[in-house]
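In: Mind looking at a prediction? Sequence and model below.
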Amino acid sequence: MAGEPLLYMAATALVIVDEPSREAVHNDYYQKISDAGLVIAHAGALPVLDLRPEEGLPQSFILDDSLNDQIRAMKRRALIVCGALLEGAVTQVSLNALMDGYDVFVPADLVAAGDPEYITHFLARITSCGGNVLTSRQVVLELLSGLKERDKRSALEDLLRTHLLFKKNRKGGVV
């Protein structure tokens with residue numbers, strides 16, 4: 001039905017991805033992206049699959065059955081994917097989830113690319129395969145529109161009042 005939200009708290013989870021080759025992304029920027037995703041997940045009481053390596057431990061990003069099992073274990077049909085790198089892990093997790101029948105949402109302001117010149121191409125790849133590209137503000141608005149219980153709305157509404165976490169300046173840096 002037209003106008004129905006696509007993201008419902010009861011059906012949605014957050015996936016934060018990272019890969020070792022993201023050295024091209026400034027660490028403070030990446031940290032703000034990850035933190036923003038976690039703030040939305042916390043406000044919406046969403047389960048989180050955090051695929052970032054633990055401090056000091058090397059990790060190679062591998063798309064395998066173990067990852068698919070972790071996603072299935074969350075028992076959610078919609079996934080919000082954020083993190084780095086857009087041209088690598090973000091796209092691969094998104095496409096894999098789409099092939100497995102999940103609804104995938106990628107907030108364009110919560111992903112980082114090693115080569116920002118091609119961000120629109122990477123996002124177009126996800127949308128051409130059925131993924132949804134939106135903003136973190138749209139994520140919050142869709143979660144709110146499907147939520148009728150007033151007591152569960154306040155944390156998400158607070159995010160909207162604080163202008164949602166961070167903004168990019170004209171040069172692409174974080175303010």
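Out: Yep, it's here.

In: Which secondary structure elements does the lengthiest helix in the chain sit against?
Out: Ordering each helix of the chain by length in residues (DSSP state H) puts helix 27-43 first. For helix 27-43, the packing partners by 3 or more Cβ pairs under 8 Å, 6 or more residues apart in numbering; DSSP states H and E come out as strand 12-17, strand 78-84, strand 111-112, helix 136-145, helix 150-161. C-beta: built from backbone N, CA, C; applies to glycine.

In: chain center to the fourth one: distance?
Out: From the chain centre to the centre of helix 136-145 is a distance of 13 Å (Cα atoms, centre = their mean, to the nearest Å).

In: and after the longest helix of the chain, which helix or strand comes next?
Out: On the C-terminal side of helix 27-43, the closest following helix or strand by DSSP states H and E is strand 48-50.

In: before we move on, the earlier item: could you dump the helices and strands packed on helix 27-43 to TSV with distance to Glu54, mean neighbour count and mean pLDDT?
Out: Supplementary listing: those in TSV, determined by distance: least, Cβ to Cβ, whole Å; neighbours: other Cβ atoms under 10 Å; pLDDT from 0 to 100:
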stretch	distance to Glu54	mean neighbour count	mean pLDDT
strand 12-17	13	25	95
strand 78-84	15	26	94
strand 111-112	20	26	91
helix 136-145	25	20	93
helix 150-161	27	13	87
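
In: Export those to a markdown table and append columns for distance to His42.
Out: Rendered in a markdown table, the data for those read as follows (distance: least, Cβ to Cβ, whole Å):
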| stretch | distance to His42 |
| --- | --- |
| strand 12-17 | 9 |
| strand 78-84 | 13 |
| strand 111-112 | 19 |
| helix 136-145 | 12 |
| helix 150-161 | 7 |
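
In: Next, count neighbours for Gly101.
Out: Here the neighbour count serves as a burial measure; for Gly101 (other Cβ atoms under 10 Å) it reads 8.

In: Surely it is in a helix?
Out: No. Counting by DSSP: H, G, I helix; E, B strand; the rest coil, Gly101 is located in no helix; its state is coil.
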